[in-house]
Each structure stands twice: as C-alpha cells, then as structure tokens.
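K.L.:
Structural data only, the sequence is not supplied:
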C-alpha cells in the first residue's frame, strides 16, 4: 500500500510538471503573431545547430585539454540555457522597462570594460583584454555593450525624429555615442573587430532613421579614418591586411594560417560535405575553429549546400526582423529592432567574409552559432527585446515604415 501510494504521488508530480510546462507554452505563445512564433522557432533551431557544430568542432581540442570530448559543448550548453532563459524573461517586459534598463546595461558594460584592465580580474587572449574572470566564468562586457548601445541610440533617435536635420541636436550626439563606445572597446580592450561592428551598427541605424546625406557623409568619413588608424596601430593587423591584399602570393609567413586553412576546409567539403564529425581540419589545423572560424567547419562537414543553408537562415532572419521593425507604431521599438537586425546581419557578414577571404581578418563570432557564452547570451537578450516589442504590438493595422 505504501509503495502504491508513493507511485501515485510520483505520477501526480510528473503530471504536474508536464501541466506546468504545457501551461507556460500555451500562455507564452497564446495570441502571438506569426512573426513572433516564427522568430522563436528560428532562434531555437539556430541555437541547437550551433551546439551541434560546437561539439563537432571542439571535441578534439577538448580531449587534448581536459580528456573530456564534451567539455566545450557542456559549457556552451549551459550558456545557451541561461541565454534562452534571459530571452524568455526579457520578452515579457514592457517597453518602458527595456528603455530604462537599456541605459543601465550600456553604462554597466562600459564599467565592465574598464574593470577588465585590473590585474587579476581582467583576462587577455590573442592580444585583446576584453574579458572579466569570475572563477570558472569569463564574461565579455563589450558584447553586452552592443545591446546597450542600440537601446541608447534608439531612445535618443526616437525623441528626435523631427530634428534629424539639425546636426548638433541629432547627428553629432549619435556620432559621439557610437565613436565613444567603439573607442572604449578599441583603446581599452584593443578589439578592432567589436569596435568595427559597433560603428557599422550606429552608422547604418542613423541612415535608416533618415539622417540627411551631408551629416551621414561626415559619419562615413570619420568611420573610415578610425578604421585606418585602428588598423595601423598594430603590427599584427598590418601584417593581416598586407596578407589580404597579396592573395595568391607564394610567401607563407604564417600570418594567414587560419584563413588559408579555412579556405582548404571549405574546398574539401565539396557540394555535400564530408559528414558531421568527419572534419580533418578540426584536428588542430585551425586554432579554436569553434569560435570565429566555425563557418569553415560548417562548409567542410556540410558542404556547399550546408553553407548556403546557413546563409539562407540569416537572410530569412534579416527579412523577418525588417518586417517586424517596419510594422511597429512605436519609433523606439522600430529603431531597436532595426539595430538588432543590423547587429546580427553585419556580424554574420563580417564573420563569413573573413572565412571566405573577402575582407581582412577581424575576430567576431558567428551569431547564435559560434562558441562564446557572452556573445550567445547578449544576442539572445537582444532577441528577447525584439520579442517583447512584438508581444506589445497593437493588433490594429499600422502604417508600414520604410
């Protein structure tokens, strides 16, 4: 009798958990738009695909480093769970809360970037000082600064939509915010890739907002000058740029090791790929391939077809975010969704362009797919903001924007 009663209680608890999950699922998706449901499904698919690719690309290095082939994968899985939890939580917040906490996130990430300079707290890698270590956890403040910067710029622009013609009231402050954030990341962290992504986001966002051409050209010229100065400030960057412009040279000084082996990985994949887990170049030929060069692993194991599918997924995401932004009647929401759209698209294009040797090497991860806890959580938080605005969207038809 006691055993039977215990089994019944256990069954009741299992049903209770199942019912709670069903209630959450129905409550979360109830009365939501098709764009909301589609974007959530697309995000979950891309995160799952990224986890599979991180496991495939990192298992050899994980065995060498710790003897556990699932070491890097387990870490990434934990970050993915935390990021998805943050996304679902943020998606239930109001626009006022997002605007308020966005400024806190922006200022907090700047403080975090400064704290990365403190010996014993800051962590350096590859010549960059961009991380803060808390025991086994390492956080990159600049990733969260991207989201904070987007919300800050969107707040500023949404209150000055009718003043964009005035350079001092609109264009100049936006430029100061963009270049200030990028300058902090570059000067303190020596991370040109992240700084470049930030500047491209702000420049593209003020263009979409309707900044006059004369003001926009000032922005463009200043951005080009900053890129040139940043590139010439480091001997290693100069070497990578010279290597990029001397493609096909017989000289192999090791400065293009990753790019060269990335191209070989893509070539060896052919049309259909070598098969999941069958990569040869994952065996230490490309250092940390699960990070910035994971697209090379995708091309080798999934072939041209797999690489094109990944490109198609980012294009579909771009189109969906663009539509979601353009159907908002709240300028603040429109600007934020545009900013997230630009962030994901620009960073994906830079990452893939580097692997294809279309642009010089810049260390930026492939959104939702590359290994990296801070990058994954920050991107998922940004999608939580987008989903929050989509939940709040009026069901009445609204005038479509540009």
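P.N.:
Now that the structure is in, tell me what you want to look at. Just so it is clear, the model here is predicted, and its values are computed rather than measured. Numbering: from 1, shown residues only.

K.L.:
Do I have it right that residue 98 meets residue 388?
P.N.:
Yes - Residue 98 lies in contact with residue 388 (Cβ atoms under 8 Å); the separation is 6.2 Å. C-beta coordinates here come from the backbone N, C-alpha and C atoms, glycine included.

K.L.:
residues near residue 67, how many?
P.N.:
A count of nearby residues for residue 67, using other Cβ atoms under 10 Å, gives 8.

K.L.:
For residue 279, see how far away it is.
P.N.:
21 Å (Cβ to Cβ, to the nearest Å).

K.L.:
Could you identify the helix or strand that succeeds the lowest-mean-pLDDT helix or strand in the chain?
P.N.:
The helix or strand of the chain with the poorest confidence is helix 2-29; it has a mean of 57 (mean pLDDT, DSSP states H and E). Beyond helix 2-29 on the C-terminal side, the first helix or strand identified by DSSP states H and E is helix 34-66.

K.L.:
Which strands or helices does the helix or strand following that next one pack on?
P.N.:
Scanning forward in sequence from helix 34-66 by DSSP H and E, the next helix or strand is helix 71-90. Here helix 71-90 is seen to pack against helix 34-66, helix 373-392 when contacts are counted using 3 or more Cβ pairs under 8 Å, 6 or more residues apart in numbering; DSSP states H and E.

K.L.:
Could you list the buried residues of the helix or strand just after helix 71-90?
P.N.:
Where DSSP H and E defines the elements, the next helix or strand beyond helix 71-90 is helix 95-115. By neighbour count, with 16 or more other Cβ atoms under 10 Å as the criterion, the buried positions of helix 95-115 are 95, 98-99, 101-102, 105-106, 109-110, 112-113.

K.L.:
wait, which of those residues is closest to residue 384?
P.N.:
Nearest to residue 384 out of the buried residues of helix 95-115 is residue 98 (Cβ to Cβ; 9.0 Å).

K.L.:
What sits closest to that closest one if chain neighbours are left out?
P.N.:
residue 385 (5.6 Å; Cβ to Cβ, 6 or more residues apart in numbering).

K.L.:
residues near that neighbour, how many?
P.N.:
Neighbourhood size, residue 385 [other Cβ under 10 Å]: 26.

K.L.:
okay, and the common contacts of residue 98 and residue 388?
P.N.:
Taking Cβ atoms under 8 Å, 6 or more residues apart in numbering as the criterion, residue 98 and residue 388 both touch residue 90.
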